[in-house]
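Trainee: heads up, no residue letters with this:
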């Protein structure tokens, strides 16, 4: 190819540059070299600690991100997180990198699924463009009058008749009525209409005191449909201008020609009085719904009648509307008045015209003025006032009135209950909303809860009262916006009868269907076509990644790590970036096997539009669909950090060196338990669970067994396990939970001594915390060093071997190991402490050795190395052995807690519980997806740990999607059948074999082949 032809070659026709890594040594990587073709879906797998994240995130992604940040100005760089250069010789062919991890998107309560995905921005734009404002009072669409609407109104009237076109006399501050009349005369208007009669200003008529009754006449005419537009258009525009956007059309009828129907009489002092709200509108003053008259007026042209006694035109049929006539003061004629204006108002209420910021709860213009768009307010929480709604009023359902001191209030309510039809012997949850509101607001016969707490508040100078109030306070829905976050007027803007709040509270699947089936006029379609295209595309992405059950108003901070990651993935697809490197960390976490194919399709789409996708994953189906599969290992920690196998799925599966390949081929497998525990044991019984999407279900959880809760994402698993079972039992056991999920009853807690959630939250946020200190091994290590001959000679107590307190730690860096140097426009620099050389300890502490190793060297040991080093020190090896048992033998004792993954943190917590065995104490342990980050080989170790917990007289209840774990359960509780509104039911309970035979169970469908075959290959 010639040189100039190469220059003309299209970018997408050139051979993409491969990602080349040379000499990667980050963490435990063993100076590895790697070449990855760009534009491919590449999956990295391997046992926990084998170096997957070190290679993918800490080397490849870190370098891509670092190069992008370095390309920015020094001013811009100060606002971005700076990443240190990874320990690698060379990386080429790397694109700007985006990391999508299992982390909660935002802790800000203003951040929602809609705002994060930018879908809410498109919704705001759509409602601003084609939304219809509905009047608070009459329920009709609010429209602005114009020349066209006035002409259309006149063209619908009968031919002929006596008509006047004019505008209401405007009264300006500082001018008398006489002065206003003079101004009108100077502008060429010499006739006015009031009291049903036309008056000549040259005759100096006696004018009414109410200026709003005076209409300045600009034109007299008869209805001639053929010439309405050509004759009156200019006059109408002139009247709108002179009347300061107000115009009046008057029809007059002589009594001699026949008395009109609905004549109101000649009480002109009241009947003909134009509504006082008119004067407010003329001065530009906003009129609230409470101030507005309840008129049933208006036409399709949005004409407004200023008093119900003047006219009554239904909007649907203005031409045939029955008119209310008013007798003129001379008794010879009757008239009706029709008011038009160019303001955006109806029924005396002026509305804001929709614009995007009108629907933003982050903008003062659209946010609820009371809660400022937060949706919640700190006040009396009825869930705390009535903590158990299964109790009746007689049985003290209202907690603050239970005490002897305040029981008088409860008695007063009981005495008045019959009069107000309040059922005092029924469970509180059966009371209607009106009955609850009556109890809150009170009545003459009894004090309501609101007045009761207000009375306590007035005496809050007393400590006892402040404590009492705090007991019943919490964040509840804003009383003004009812939790919608928006001002009242914004909710009156509708599309196909739905407000923006209605849309964001629907499940995503339902929202997508709503917009796909939305019927619009040709004009609306022209305006909204591009907006709707973006909306449906982004909603479709969320639907495809298995998040169809979420709502757009779901607060981001309440999402799980897996949900957050998939939302970020959908957002990335919506942005349609190309030429980018995407790095994902186990995107299948939290996803039911049924939805895996959707996720894989999304990742392939991301690849196909021109991106490179690197995924750290343990899911077999994901591995099978990878373009390239890379297995790291062979083991963890110092025994890992190399590439064991690389190639296609088939090549890795058949590689005998690959531990992953052995599991994929069936050479190794996670065996079914030899025997399931089918004995009848005590159980936790839940009746009528109805929190979130749970459909008033009953469920039994057998104790002393391995119980797994399954179901598709969004089916109600977390609600059942966390909100119902844990929160209610924890409250009953006195663990301080104050607002558990609602259910009729929960029994069986008498069989438990405690209940524990072992989650994936960090074991510590500070780098000073580490695995050895968390499992209580470090304190015994310090005691061992303090017991050496050297330490005793120098008088070093165990405290001297801590880097958290003064004594043995370095005084220069305070035990941090580095010195922070702040740079204004550059990233802060962390320099190794020159005094301690990054070891955290003083030299005299580093000189103390135990079996040839000082404390710094001990903290740098892996768990496996430490077990060998401290052989014979039972207090040290006991907790360390448990760390090894849960698969963490590769982890260094001094690894900072803030560098641990969620799965590692969870297993460290599990190790702590295993090491603290309590004789004859029965604990229910709850785990939420404990297989996160675990390889097949790690799962085997985890299952053994669960068996150990159960053998120690405990119970294990977990939420899980991993089929290898589910197949080993003693008992399964399967929820579904679908997500969101279509979920929340018990699909089936029983052994894995029983669930596998359940035709309604998605879990059973995928579980059945796994029970028949022990290796994954035969399942697929």
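Mentor: Thanks, I have the structure now. All of these numbers come straight from a predicted model, not from anything done at the bench.

Trainee: pull the number of nearby residues for residue 442.
Mentor: Neighbour count of residue 442, defined by other Cβ atoms under 10 Å: 18. Every C-beta, even on glycine, is put in place using the N, C-alpha and C of the backbone.

Trainee: now do the contacts for it.
Mentor: Applying Cβ atoms under 8 Å, 6 or more residues apart in numbering, we find residue 442 in contact with 448, 449, 450, 451.

Trainee: may I have the phi/psi pair for the closest residue to residue 859 other than its chain neighbours?
Mentor: Spatially, and ignoring its direct neighbours in sequence, residue 859 is nearest to residue 894 (3.1 Å; Cβ to Cβ, 6 or more residues apart in numbering). Main-chain torsions, residue 894, degrees, to the nearest 10: phi -100, psi 20.

Trainee: how many neighbours does the nearest residue to residue 406 once chain neighbours are set aside have?
Mentor: Nearest residue to residue 406, sequence neighbours excluded (Cβ to Cβ, 6+ apart): residue 400, at 6.1 Å. Applying other Cβ under 10 Å, we find 22 residues neighbouring residue 400.

Trainee: now residue 887: which helix or strand?
Mentor: Assessed by DSSP states H and E, residue 887 sits outside every helix and strand.

Trainee: would you check that it makes contact with residue 941?
Mentor: Yes. Contact criterion Cβ atoms under 8 Å: residue 887 and residue 941 qualify, at 4.2 Å.

Trainee: okay, the two: which has more neighbours?
Mentor: Taking neighbours as other Cβ under 10 Å, residue 887 and residue 941 compare with residue 887 leading, 27 against 19.

Trainee: from residue 933, how far off is the more buried one?
Mentor: Residue 887 sits 10 Å away from residue 933, taking Cβ to Cβ, to the nearest Å as the criterion.

Trainee: now for those two: what residues contact both?
Mentor: Common neighbours of residue 887 and residue 933, counting by Cβ under 8 Å, 6+ apart, are residue 48.

Trainee: ok, residue 793 to residue 624 distance?
Mentor: Computed as Cβ to Cβ, the residue 793 to residue 624 distance reads 63 Å.

Trainee: repeat for residue 1002
Mentor: For residue 1002, the distance to residue 624 - Cβ to Cβ - is 20 Å.

Trainee: just checking, which helix or strand succeeds the longest helix along the chain along the chain?
Mentor: Ranked by number of residues, the top helix in the chain under DSSP state H is helix 522-544. Using DSSP H and E, the helix or strand that follows helix 522-544 in sequence is helix 561-575.

Trainee: quick check: buried residues in that next one?
Mentor: Using 16 or more other Cβ atoms under 10 Å as the test for burial, helix 561-575 gives 561-574.

Trainee: these: which two are farthest apart?
Mentor: The span of the buried residues of helix 561-575, defined through Cβ to Cβ, is set by 561 and 574 at 20.4 Å.

Trainee: picking that back up, what angle do the longest helix of the chain and helix 561-575 make?
Mentor: Per axes from the mean of the first three to the mean of the last three Cα atoms, to 10 degrees, the angle that helix 522-544 makes with helix 561-575 is 140 degrees.

Trainee: between residue 1002 and residue 624, tell me which one has more neighbours.
Mentor: Neighbours were counted for residue 1002 and for residue 624 using other Cβ under 10 Å; residue 1002 has more, 21 against 18.

Trainee: look up how far residue 510 lies from the more buried one.
Mentor: Remark: distance between residue 1002 and residue 510 (Cβ to Cβ) = 20 Å.

Trainee: ok, now residue 347?
Mentor: From residue 347 across to residue 510, the span is 33 Å (Cβ to Cβ).

Trainee: more crowded one of those two?
Mentor: residue 347 (23 against 16).
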